[in-house]
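J.: Mind folding the following:
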Amino acid sequence: MNTIEKRDYIQSHLHIADDSVINEFYEMLRKEEALKEKLTQRAKKSEQDILSGKVFTRSEIEQRTNNIGR
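T.: The predicted structure follows:
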């Protein structure tokens, strides 16, 4: 079943789904939306950090990772 068929099936069966299924589906969609927003914000911040020069060189990263747990 492809995505369009799945969407059609879900849409045609929403009116008969019980509250627990609706609530579970709602929460899943909300979490997905929140995660997308969070990742978008992190990406934007990373881009700003790169543009403003807030980056580490490869040797700095290697040095920092070599010192973990010491």
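J.: show me where pLDDT drops low in this structure?
T.: Counting by pLDDT under 70, the chain shows low-confidence ranges at 70.
J.: for the chain, what spans make up the helices?
T.: Per DSSP state H, the chain carries helices over the ranges 3-13, 19-51, 58-66.
J.: Rebuild those helices as a markdown table, extending it with mean neighbour count.
T.: Where C-beta positions appear, they are placed from N, C-alpha and C, glycine not excepted. Putting the helices of the chain into a markdown table (neighbours: other Cβ atoms under 10 Å) gives the following:
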| stretch | mean neighbour count |
| --- | --- |
| helix 3-13 | 10 |
| helix 19-51 | 10 |
| helix 58-66 | 10 |
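J.: Tell me how many other residues crowd Ala17.
T.: 13 (other Cβ atoms under 10 Å).
J.: How much space separates the residue lying closest to it once chain neighbours are set aside from Arg64?
T.: Spatial nearest neighbour of Ala17, excluding adjacent residues (Cβ to Cβ, 6 or more residues apart in numbering): Phe25 at 7.8 Å. Applying Cβ to Cβ, to the nearest Å, one obtains 43 Å for the distance of Phe25 from Arg64.
J.: Kindly report the same for Leu35.
T.: 28 Å.
J.: Equivalent analysis for Ala17, please.
T.: Between Ala17 and Arg64 the computed distance is 50 Å (Cβ to Cβ).
J.: And Thr57, by the same measure?
T.: Distance from Thr57 to Arg64, by Cβ to Cβ: 11 Å.
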